Structures are given as structure tokens and as C-alpha cells.
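Enquirer: Kindly generate the corresponding structure for this input.
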Amino acid sequence: MAYGDTVAVDGLDLTVERGTITAVLGPNGAGKTTTLETCEGYRRPQAGTVRVLGLDPQADRTALLPRIGVMLQSGGAWSGVRAVEMLRHVASLHAHPLDVGLLVDRLGLDECGRTPYRRLSGGQQQRLGLAMAVVGRPELVFVDEPTAGMDPQLRRATWQLLEEMRGDGVTVVLTTHYMDEAERLADTVHVIDHGRLIASGTPFELTRGTGNSTIRLVVTEPFPPGAPASLQATLGPDTDVRPVNAQSLLITGPADASTLAKVSAWCEQHGVLPESLTLGQRTLEDVFLQITGRELAS
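Expert: Residues are numbered from 1 along each chain as shown. Below you'll find the model as predicted:
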């Protein structure tokens, strides 16, 4: 899939298993939105084959739409419509919708139920968008940034709702910029960058599969030029050193007391004053940074 000279999706090949929560992660511009919009039937693929619940999202759109739910990152409701009024309207379009009152309570929409959509906060719009996506009891639901702008309590309520849907056999495809959310919810994680699939696996496989640990080195002043390459040479080829920002490095590999000693000696040799030096297992965010070289900025 290309836009002029820009290739958004380049030979991407991935599968989502039924009854699972699958996270599709990638930096901004990686091709996530184009991929999901193609699966949802909003875009026609320029090459290759797309099947959703065994159907072609374009040719079989009429048969597919009643079986899927789509939560957009923004929009999806009329500007002047009240929140609960919009949800009731969407529910009326389905043969066997979920109880609207239950969804309103679960997602905290009672506080803004009579507020016009245009006056809802970003988090309230996200909650309404999620409710609209799931009220029709879909077999498959696409959720885009489902907890953006939510407070911790509602965020956990949203996680619980998605987990319950998976328990009922619903397939969930999730995009998020929150690594802890993907690590908590996803059965499978697909990481894409520059339109290509670059890593897949369970969160455990991606974060623990190699047996490697991470060291985060945070310093008081920006690193001198060439610091990552210099520290990489000191630690050897079995260790990977990536900059997180101007004052932080992520070191991945077999970390032990010897590695920590080498890092400390390197800091002393180069006049670098550590603010913190922490050792731990890799997180999904660490893996993402290592394989893409970029943070997952929202």
C-alpha cells in the first residue's frame, strides 16, 4: 500500500487467532493505521490478500459489517448528539445488543451521558467510542488507543471489559502507545515498522525469551558524541546499546556484576556522572526500542 512515493505497507503478512487479544504496535508512520483500515474495509489493498473472519472486507462488506466492531481513535459520533443517546442509537442497529445501561455503568459514561459529543473530553470520547464498538456483540473488534486520556480506575475497567470479551470468545485487535497495556492484555504482539512485520510473539517470548536482562543508564548531563558506540565496544558484541534519549541508554544482554562494573568504569573514564544505574528484566518497551531504534511516542 503506497501513497505516492511513500510505502505505508510493504508485504506485511500477519495472522490474528480467534478468541485472542492481539496487539499491533509500531512507531508513528509504521503502517498500523493503514493496515487496520484495510482490514476494516475502509481501504482497498493495492496488492495481496486480506481476509477477516474468512471474508473479503471489500467484496463481502455487507456480510462482514454486522460481525465486527470498530473503535476509531477519534470521531464516529455526530457533533451535537448526547453520549448515551448516540450509544442507544448504535445499539438499536443490532439484533442482540449488549445492555446499554450496563456499558454506561462499566465505562463511567453516566457522568457525561447528557453531554453533547463535541463537549466531551478526549477520555470520555474514547469511552463512548469503545462502547459503540462493542455494544453490538461483535465476533471481532478493532480498538484503537482504547484507554487514551482515561484515569487509572477507568483504564483498569476497560482492561477488564476487553479481557471478559476475550473470555467470551471475542477476538480483539488492539493498537496502543501504552506498552504496559499491551504487555498486560495481549496474547500475541506484532511489531511493525516501515510497513513490514519485524517481530511477533507472546509478551513473554519477546521480553524473556532470550534470557537477557537490561541495564538502564541515566546520567546528569547529555552523553558525549559517540557514547553508545564507545560503550558498545567496551561491553562486546553480546551486548546491545541503544540511546533512549540524550541522557539515557538502554543496555541489553547478559547482565551481571561484571557488566555493571564495566559500565561504571566506562562512566569514570569518560567523565560521565550516572544519576541512576538499574538492572532488571526486559519490558516490552525495552524490546520495542531495541528492535525499532525508536520510542513509541504518542
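Enquirer: switch to C-alpha atoms for all contacts and neighbour counts from now on
Expert: Noted.
Enquirer: Domain parsing of the protein, as residue ranges.
Expert: Here the domain parsing of the chain from automatic domain parsing is 2-205, 213-281.
Enquirer: Need the winner for burial among those domains.
Expert: Most buried of the domains of the chain by mean neighbour count (mean count of other C-alpha atoms under 10 Å) is domain 2-205; its value is a mean of 18.
Enquirer: Need the mean per-residue confidence for the longest helix along the chain.
Expert: For the chain, the helix with the greatest residue count under DSSP state H is helix 152-167. Per-residue pLDDT over helix 152-167 has a mean of 94.
Enquirer: same for that helix, what does it pack against?
Expert: Judged by 3 or more C-alpha pairs under 8 Å, 6 or more residues apart in numbering; DSSP states H and E, helix 152-167 is in contact with strand 171-175.
Enquirer: downstream neighbour of the strand it packs on in the secondary structure list?
Expert: As assigned by DSSP states H and E, the chain's next helix or strand after strand 171-175 is helix 179-185.
Enquirer: Now that following helix - C-alpha only, PDB.
Expert: In PDB, the C-alpha atoms belonging to helix 179-185 read as follows (Å, rounded to 0.1, in the frame of the first residue of the first chain):
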ATOM      1  CA  MET A 179       3.500  -0.700  26.500                       C
ATOM      2  CA  ASP A 180       2.200  -1.800  29.900                       C
ATOM      3  CA  GLU A 181      -1.300  -2.100  28.300                       C
ATOM      4  CA  ALA A 182      -0.100  -4.400  25.500                       C
ATOM      5  CA  GLU A 183       2.000  -6.400  27.900                       C
ATOM      6  CA  ARG A 184      -0.900  -6.900  30.300                       C
ATOM      7  CA  LEU A 185      -3.600  -7.600  27.700                       C
END
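Enquirer: for that helix, packing partners?
Expert: Packed next to helix 179-185, using 3+ C-alpha pairs under 8 Å, 6+ apart, are helix 284-292.
Enquirer: Centre of the chain to the helix it packs on, how far?
Expert: 13 Å (C-alpha atoms, centre = their mean, to the nearest Å).
Enquirer: Stretch 255-269 too?
Expert: The answer for stretch 255-269 is 34 Å, by C-alpha atoms, centre = their mean.
Enquirer: Identify the residues contacting that stretch?
Expert: 212-215, 231, 234-235, 273-274, 279 (C-alpha atoms under 8 Å, 6 or more residues apart in numbering).
Enquirer: mind running it again at 10 Å?
Expert: Under the contact criterion C-alpha atoms under 10 Å, 6 or more residues apart in numbering, stretch 255-269 has outside partners 211-215, 217, 219, 223, 227, 230-232, 234-235, 239, 251, 253, 271-274, 277-281.
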